[in-house]
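>>> Task: produce atomic coordinates for the following.
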Amino acid sequence: MSLMAVTGATGYIGGRLVPILLEQGHSVRVLTRNAGKLRDVPWAGDVEIVEGSLEDAAVADDFCRGADVLYYLVHSMGGAANFERTERTCARMTAAAARKHKVGQLVYLSGLHPEGELSRHLESRQEVGEVLRLSGVPTLVFQAGLVIGSGSASFEMVRHLTDVLPVMPAPRWVLNHIQPIAIRDALHYLGQAGQLEKPIDGTYDVGGPDVLTYSEMMRTYAQAAGMRRPLVIALPVLTPWLAGQWVNLVTPIPRALALPLVESLQHDCVMRNHDIDAVIAPPAGGLTGYRRSVELALKKIERGIVETSWATAHPVLAPADSLPSDPEWAGQKVFTDTREKTTVASTQSVWAVIEAIGGDNGWYSMPLAWSVRGWMDKLAGGVGLVRGRRSQTKLQLNDVVDWWRVEDIIPGSFLLLRAEMKVPGGAWLEFMVEEAKDGTTLYRQRAVFFPRGLAGRLYWFAVLPFHGVIFSSMANRIAVAAETAKPAP
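Model prediction:
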């Protein structure tokens, strides 16, 4: 039985690869900056967890010790100015530790890229691959196109651009050729990389069977989704920066992620060869076509079984230093808005409404006000309200709920959401439910805000009149929704 070490286990790809490796019979070790993020992941109890950062040589050393195969699936897609330096440091620490502990095989997932000048993010990915290959450890580098699957950033960008815009003025790159790959096929290659009879050192392009323009991808998505095909008009005036702002505005993808995605589409990006076939055979049923991959993604979204998503993999903010459960202990100015409601509905009914809040179900109060606030956040480069949810009925730690993230959850009784919208301070929403002594149910709701400087204090008092209406209405309507809900079959 081999030991597989997986970085990026809380990410979109890594979170789906780990259960595949476990199913193959391997032992799996994962690395995460925050082990708490894995608390609700189904396979968390089946893996060894190393907590820390690859920037720390001691952490990289512990992670690589005894590993037969190491999967390097981390890459910064945020807007940090010095992300290249961070990526370089992490790759060098990993390479040194892998060489020291005689890891048998490194596997790195990079991206397809054109000849000539590369964007900063594609150049960084290429550099990481070179650093790993220079380690002296056999390194298998997969260069993949846009990954299409439920919850992937590439799929969400196509989906929302097509859903929102029947007529789309677009930059010229919508006419460039792209070779997307279905998530199931990307995972096939990664999974088989751990089953090789002997180590492989080399770089291989991987992609699906279809070469399309981005415009054709949107039209094909519309056909698969049963929508009218959009009219895409290519314009010569939209720079990558402007296109990134446009994607941020009309899709759930925040500006920090939209810009590198758009930059990677500036040129044709297709497989140069199919040398991978000599190393790893295609899936038994053949590679998945683009339309089929869209249909599979839509079915998973409809059924609420999206295992991982780009939003969970790319937190907008760092984890909070302090939780607002006891604001008076925080050692700083704290504003709160607390509401309580007694209802004849059962605790299970109230919890079901709480756990399904946001996304398609909304926020049970003044939808126009929530929508306006979401658009304001989008215009400021924030995440807005359109990220939705991974599942429409169930939540787990680190899930995204529109512009909130699940920071803590005790199923049946407590939910803590942390705001990731642009706001001068830290903001949370708490939901609590418990059975009262007389058999009724007590519902508690609390908004907590840690203001940052004068701007934070002014912000709180500016929105205070709206809170009086919004949060009161939310408490009342959640109670009514629980009382009128049909009992579970």
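>>> From Glu420, how far out is Val47?
Counting by CB to CB, to the nearest Å, the gap from Val47 to Glu420 is 27 Å. C-beta: built from backbone N, CA, C; applies to glycine.
>>> hang on, I meant Ala475
23 Å.
>>> Check Val30 too.
Val30 is 24 Å from Glu420, by CB to CB.
>>> How about Ile200?
Relative to Glu420, and taking CB to CB, Ile200 is found at 40 Å.
>>> the more surrounded of the two?
More crowded of Ile200 and Glu420, by other CB atoms under 10 Å: Glu420, with 22 against 17.
>>> Kindly state the pLDDT recorded for that one?
Glu420 carries a pLDDT value of 89.
>>> Phi first, then psi, for it.
phi -120, psi 10 (degrees, to the nearest 10).
>>> can I assume it is in contact with Val406?
No: Glu420 lies out of contact with Val406 (CB atoms under 8 Å); the separation is 11.2 Å.
>>> isn't Asn361 right up against Thr393?
No: Asn361 is beyond contact range of Thr393, at 9.0 Å (criterion: CB under 8 Å).
>>> any idea whether Ile470 is helix, strand or coil?
Secondary structure state of Ile470, per DSSP: H, G, I helix; E, B strand; the rest coil, is helix.
>>> burial count for Ile253?
Neighbours of Ile253 (other CB under 10 Å): 28.
>>> Okay, and it sits in which element?
Following DSSP states H and E, there is no helix or strand that holds Ile253.
>>> surely it meets Arg159?
No: Ile253 lies out of contact with Arg159 (CB under 8 Å); the separation is 10.6 Å.
>>> Tell me how far the residue nearest to Glu340 when sequence neighbours are not counted lies from Thr343.
Leaving aside its sequence neighbours, Glu340 sits nearest to Arg444 (CB to CB, 6 or more residues apart in numbering; 5.3 Å). With distances taken as CB to CB, Arg444 is found 12 Å from Thr343.
>>> Okay, now the unreliable bits of the stretch 1-150 of the chain?
Within the stretch 1-150 of the chain, the stretches with pLDDT under 70 are 76-81, 116.
>>> do that again at 80, thanks
The stretch 1-150 of the chain contains residues with pLDDT under 80 at 1, 37, 75-83, 113-121.
>>> sorry, back to before: any idea how many residues pack against the residue nearest to Glu340?
By other CB under 10 Å, the residues close to Arg444 number 15.
>>> Now name the helix or strand holding it.
Counting by DSSP H and E, Arg444 is found in strand 441-451.
>>> Can you show me the strands along the stretch 351-489 of the chain?
400-401, 404-410, 414-419, 425-435, 441-451 (DSSP state E, counting those that start in this stretch).
>>> quick one: strands adjacent to the third one?
What it means is strand 414-419. strand 404-410 (antiparallel), strand 425-435 (antiparallel) (DSSP bridges).
>>> Could you dump the ones you listed into JSON lines and include mean pLDDT, distance to Ala258 and mean neighbour count?
Output for the strands paired with strand 414-419, formatted as JSON lines (pLDDT from 0 to 100; distance: least, CB to CB, whole Å; neighbours: other CB atoms under 10 Å):
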{"stretch": "strand 404-410", "mean pLDDT": "90", "distance to Ala258": "19", "mean neighbour count": "19"}
{"stretch": "strand 425-435", "mean pLDDT": "92", "distance to Ala258": "23", "mean neighbour count": "20"}
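>>> how about those strands in JSON lines, adding distance to Lys102?
Converted to JSON lines, the strands paired with strand 414-419 look like this (distance: least, CB to CB, whole Å):
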{"stretch": "strand 404-410", "distance to Lys102": "39"}
{"stretch": "strand 425-435", "distance to Lys102": "45"}
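>>> So which of those strands is nearest Leu73?
strand 404-410 (21.2 Å; CB to CB).
>>> Show me how far the closest one is from its chain's centre.
When distances are taken as CA atoms, centre = their mean, to the nearest Å, strand 404-410 is centred 15 Å away from the chain's centroid.
>>> Is the residue nearest to Glu340 in contact with Phe431, as I believe?
Yes: contact criterion CB under 8 Å: Arg444 and Phe431 qualify, at 7.5 Å.
>>> residues contacting Ala345?
Thr441, Ala479, Ala482, Glu483, Ala485 (CB atoms under 8 Å, 6 or more residues apart in numbering).
>>> Which of those residues ranks first by neighbour count?
Going by other CB under 10 Å, Ala482 tops the contacts of Ala345 with 24 neighbours.
>>> Now do the same contact list for that one.
Thr343, Ala345, Ser346, Ser349, Val350, Ala352, Val353, Thr441, Tyr443.
>>> Compare those residues and tell me which has the most neighbours.
Val350 (28 neighbours).
>>> Now it. Nearest residue, chain neighbours left out?
Leaving aside its sequence neighbours, Val350 sits nearest to Ala482 (CB to CB, 6+ apart; 4.3 Å).
>>> Give me the distance between the one you found and Val344.
9 Å.
>>> neighbours around the residue lying closest to Gly52 once chain neighbours are set aside, how many?
Computed as CB to CB, 6+ apart, the closest residue to Gly52 that is not its neighbour in sequence is Val59, at 3.4 Å. Val59 has 18 neighbours, counted by other CB under 10 Å.
>>> Ok, Lys486 next?
6.
>>> again with Trp43
Neighbour count of Trp43, defined by other CB under 10 Å: 16.
>>> Can you list phi and psi of it for me?
phi -100, psi 10.
>>> Which strand or helix spans the closest residue to it other than its chain neighbours?
In space, and not counting its chain neighbours, Trp43 is closest to Pro19: 5.1 Å by CB to CB, 6+ apart. According to DSSP H and E, Pro19 maps onto helix 14-23.
>>> Which strands or helices does that helix pack on?
In terms of contacts (3 or more CB pairs under 8 Å, 6 or more residues apart in numbering; DSSP states H and E), helix 14-23 is packed against strand 3-6, strand 27-32, helix 183-193.
>>> nearest to Val206, of those?
Per CB to CB, nearest to Val206 of the helices and strands packed on helix 14-23: helix 183-193, 5.3 Å.
>>> Give the buried residues for the closest one.
Residues Ile183, Arg184, Asp185, Ala186, Leu187, His188, Tyr189, Leu190, Gly191, Ala193 are the ones in helix 183-193 that count as buried (16 or more other CB atoms under 10 Å).
>>> what distance separates it from the middle of the whole chain?
19 Å.
>>> mean confidence score for it?
Helix 183-193 comes out at a mean pLDDT of 96.
>>> That one relative to helix 14-23, how many degrees between them?
Interaxial angle, helix 183-193 versus helix 14-23 (axes from the mean of the first three to the mean of the last three CA atoms, to 10 degrees): 50 degrees.
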